[in-house]
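>>> With the sequence up front, the predicted model follows.
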Amino acid sequence: MAFDADMTLERQSLRRRLLLWRIGAVVAFACGLLAISGRAVWHGHMPAREHIVRLHIDGVVGADTAKTLALIRKARTDPAVKGMLLDINTPGGAVTGGETLHDAVAEFARQKPVAVSMGSLAASAGYMIAVPAQRLFAHHSTLTGSIGVIMQSPDVSGLLDRVGVRVDQLVSGPMKGQPSVVQPLSPHGRQMLQGVVSDLYDMFVTMVAQGRHMPRERVLELADGRPYTGTQALSLGLVDQIGGEQEAKEWLIRTLHLSNNVDVEDMKPRSSFRLDWMRHLLGSVLGIVTESDRLDGLLRPGGDLDGAVAIWKP
């Protein structure tokens with residue numbers, strides 16, 4: 001029995017030592033790799049030579065744009081950065097996210113030229129982000145436009161009545177409980193929320209009119225929420241040219257009188273790469289799975305889209 005106990009204690013000690021060695025090896029490897037990557041990534045050590053930066057706007061636009069805004073501001077104040085190639089491939093998203101990125105791109109464009117390259121989608125809030133740029137490129141098959149705002153809330157009150165569930169809701173004022181999942185939208189609540197949507201829509205229309213140098217009345221004719229193909233958008237004045245990233249880059253080079261082999265540096269947020277990479281590496285080596293790992297794929301696509309959105313919904 002004593003021999004078995006000694007063997008058990010020895011195994012446990014060996015496991016602890018092995019775990020510490022594995023952790024030490026992973027940390028040493030990670031530190032070395034991060035030190036190398038820190039020199040190569042644009043955010044930390046920008047090259048002193050003249051270059052163009054490229055920013056990708058992909059997927060649904062969320063309301064939290066702080067990291068991207070910091071990148072844009074840093075590029076705007078860097079004298080080595082001569083222009084921006086803005087690659088957009090998004091159906092839109094949160095109005096607040098679209099507004100903040102629109103304003104940041106507009107501020108950049110007032111000092112340095114911006115060329116937009118649209119992917120398969122640059123609709124709604126994606127188009128909002130694009131309009132301050134000096135030149136907009138779209139493919140024939142790109143879906144863009146979709147100028148409008150939507151606010152929606154499910155109403156399950158009918159289902160609750162059917163199963164015999166009643167919900168009492170106490171509010172400080174008649175508009176506080178609008179909209180509600182458990183009660184139908186009241187006429188006054190509908191009028192109030194329509195006013196919110198209309199105000200945000202008015203902001204969107206103003207952005208397009210200013211960015212595209214179009215009469216407001218003309219924008220209102222086009223801004224009924226419908227998407228346009230790149231070909232249609234070109235004929236309507238919503239984009240400037242049919243083409244992709246290469247054509248947008250060539251336009252920037254000609255505009256800035258740069259060399260054809262000028263460097264294009266991708267702008268990437270620092271923390272998201274390093275922290276996510278470290279977390280997944282440690283998890284794979286040590287067998288650690290966090291709650292954020294399990295929920296990441298569920299929450300990331302639209303986790304911060306509460307409220308009004310400017311998004312194209314096929």
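Done, it's in.
>>> Please make it C-alpha for all contacts and neighbour counts, starting now.
Noted.
>>> count of residues packed around M214?
Other residues within reach of M214, judged by other C-alpha atoms under 10 Å, total 14.
>>> for the stretch 151-300 of the chain, what spans make up the helices?
Remark: helices assigned in the stretch 151-300 of the chain by DSSP state H, counting those that start in this stretch are 157-163, 187-212, 216-222, 230-236, 245-256, 270-286, 291-299.
>>> Which of those comes out lowest on mean pLDDT?
Of all the helices of the stretch 151-300 of the chain, the minimum mean pLDDT falls on helix 291-299 (a mean of 33).
>>> Number of residues surrounding the nearest residue to N260 once chain neighbours are set aside?
Leaving aside its sequence neighbours, N260 sits nearest to I253 (C-alpha to C-alpha, 6 or more residues apart in numbering; 6.7 Å). By the criterion of other C-alpha under 10 Å, I253 has 19 neighbours.
>>> Hmm, V264 and I253 touching each other?
No: if you go by C-alpha atoms under 8 Å, I253 and V264 don't touch, sitting 10.8 Å apart.
>>> shared neighbours of those two, which are they?
Contact criterion C-alpha atoms under 8 Å, 6 or more residues apart in numbering; residues shared by I253 and V264: none found.
>>> Quick check: which helices or strands does the one helix or strand I72 maps to pack against?
Assigned by DSSP states H and E, I72 falls within helix 66-77. Applying 3 or more C-alpha pairs under 8 Å, 6 or more residues apart in numbering; DSSP states H and E, one finds that helix 66-77 contacts helix 95-109.
>>> Could you identify the helix or strand that succeeds the helix it packs on?
Later in the chain than helix 95-109, the nearest helix or strand by DSSP H and E is strand 114-123.
>>> and that next one, what does it pack onto?
strand 81-90, strand 135-138, strand 143-145, helix 245-256.
>>> contact partners of the helix holding I72?
With C-alpha under 8 Å, 6+ apart, helix 66-77 has contacts from 43, 53, 81, 100-101, 104-105, 108, 111-112, 267-269.
>>> Okay, now the unreliable bits of this structure?
Where the chain drops to pLDDT under 70, the residues are 1-48, 157, 160, 180, 182, 269-308, 310-314.
>>> Please produce JSON lines containing the helices and strands packed on strand 114-123, extended by distance to T68.
JSON lines is the format used below for those (distance: least, C-alpha to C-alpha, whole Å):
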{"stretch": "strand 81-90", "distance to T68": "12"}
{"stretch": "strand 135-138", "distance to T68": "20"}
{"stretch": "strand 143-145", "distance to T68": "22"}
{"stretch": "helix 245-256", "distance to T68": "20"}
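>>> Need the winner for burial among the ones you listed.
Of those, the one with the most neighbours on average (mean count of other C-alpha atoms under 10 Å) is strand 143-145, at a mean of 30.
>>> Contact partners for the closest residue to P227 other than its chain neighbours?
Spatial nearest neighbour of P227, excluding adjacent residues (C-alpha to C-alpha, 6+ apart): S146 at 4.3 Å. By C-alpha under 8 Å, 6+ apart, S146 lies in contact with 123-124, 127, 223-228, 311-312.
>>> Please report the distance of S146 from K74.
31 Å (C-alpha to C-alpha, to the nearest Å).
>>> what do you get for A130?
19 Å.
>>> neighbour-wise, which of the two wins?
Taking other C-alpha under 10 Å, A130 and K74 do not tie; A130 has more neighbours (32 against 15).
>>> Provide the backbone phi and psi angles at that one.
Phi and psi for A130, reported as degrees, to the nearest 10, are phi -80, psi -30.
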